[in-house]
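Enquirer: What would the 3D arrangement of this be:
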Amino acid sequence: MSSVLILFSPLLPALCVSANGVYPDPVGALNLSSPLPLNSDTSPLSVIQTKHSSSKLFRGANSMQLYIVRHGIAVDREDPSCPPDPDRFLTQEGIEKARQVAKGVSEIGAAPDLLLSSPYLRAYQTAEIFANELSYSKNKIRKTDQLLPGAEPLQLFRELSKDKDLSAVFLFGHAPHLDDLIATSLGSNHHITSLKKSGVALIELKRLVPPSGELIWLATPKLLRKAGK
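Expert: Numbering: from 1, shown residues only. Below is the predicted model:
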């Protein structure tokens, strides 16, 4: 299946973007039928940028943009040389693909106020790669146990409430915990996403505790890598 980006907004109808075209609804994109063909004026990147700009323009005074990033490809657990889980590191492929994704996120105009990472090495390495592409000091990356696998999602939002004046925060962690965070922020009891490694979702939080947010966009790493080229 082609890379698909799902876009949501209260101001615009839902759009899905793939390499083949722009679809008027998520079902059309998932079925890969009847796209509105892309042209020189309507590329996946231009649609993402428009969506991102609209979100920033109409962002509420007390809202926070939350970029949720799954770590990149790490050494396989079955590899004889694999270290304990907290020390699993990104492979060379994982490093390069995460860098391309981070560059794509930079291209759409993301400007972080804070980068929060799981203490596990593979997540922190991914955060460092994004920091480099987003011109954010690596020394300012903050680790939190609330992004560890199995952590209680609500505890993360309580921690974020201490930084409620920030406009844009990046989170780097693990699946399925990040999908738990997305579901919790949208008021759902069930997963509605399945982030791929180096995949990114943007949530606009209207309220932190209890969380109340809106999914602005969710992009596969393949599509974001194309945006960064």
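Enquirer: ok, and what's touching the helix or strand containing Val101?
Expert: Here Val101, judged by DSSP states H and E, is contained in helix 92-107. Under the contact criterion CB atoms under 8 Å, 6 or more residues apart in numbering, helix 92-107 has outside partners 45, 49, 67, 71-74, 90, 122, 125-126, 129-130, 132-134, 197-198, 200, 221, 223-229. The C-beta positions use only the backbone N, C-alpha and C, and glycine is treated the same way.
Enquirer: Go again with 7 Å.
Expert: Applying CB atoms under 7 Å, 6 or more residues apart in numbering, the external contacts of helix 92-107 come out as 45, 72-74, 90, 126, 129-130, 133-134, 198, 200, 221, 224-225, 227-228.
Enquirer: Mind checking which of those land in strands?
Expert: Using DSSP state E to define strands, the subset of the contacts of helix 92-107 located there is Val200.
Enquirer: Please flag which of the contacts of helix 92-107 sit within helices.
Expert: Leu45, Thr126, Ile129, Phe130, Glu133, Pro221, Leu224, Arg225, Ala227 (DSSP state H).
Enquirer: Now compare these and name the two farthest from each other.
Expert: For these, the farthest-apart pair by CB to CB is Leu45 and Thr126; their separation is 21.6 Å.
Enquirer: Name the residue in these two with the higher neighbour count.
Expert: Between Leu45 and Thr126, Thr126 has the larger neighbour count (other CB atoms under 10 Å), namely 31 against 18.
Enquirer: how close does the more buried one sit to Lys164?
Expert: 25 Å (CB to CB, to the nearest Å).
Enquirer: again, but for Leu224
Expert: Between Leu224 and Lys164 the distance, using CB to CB, works out to 28 Å.
Enquirer: would you list every one of the helices in this structure?
Expert: 26-31, 44-57, 92-107, 121-133, 153-160, 177-185, 221-227.
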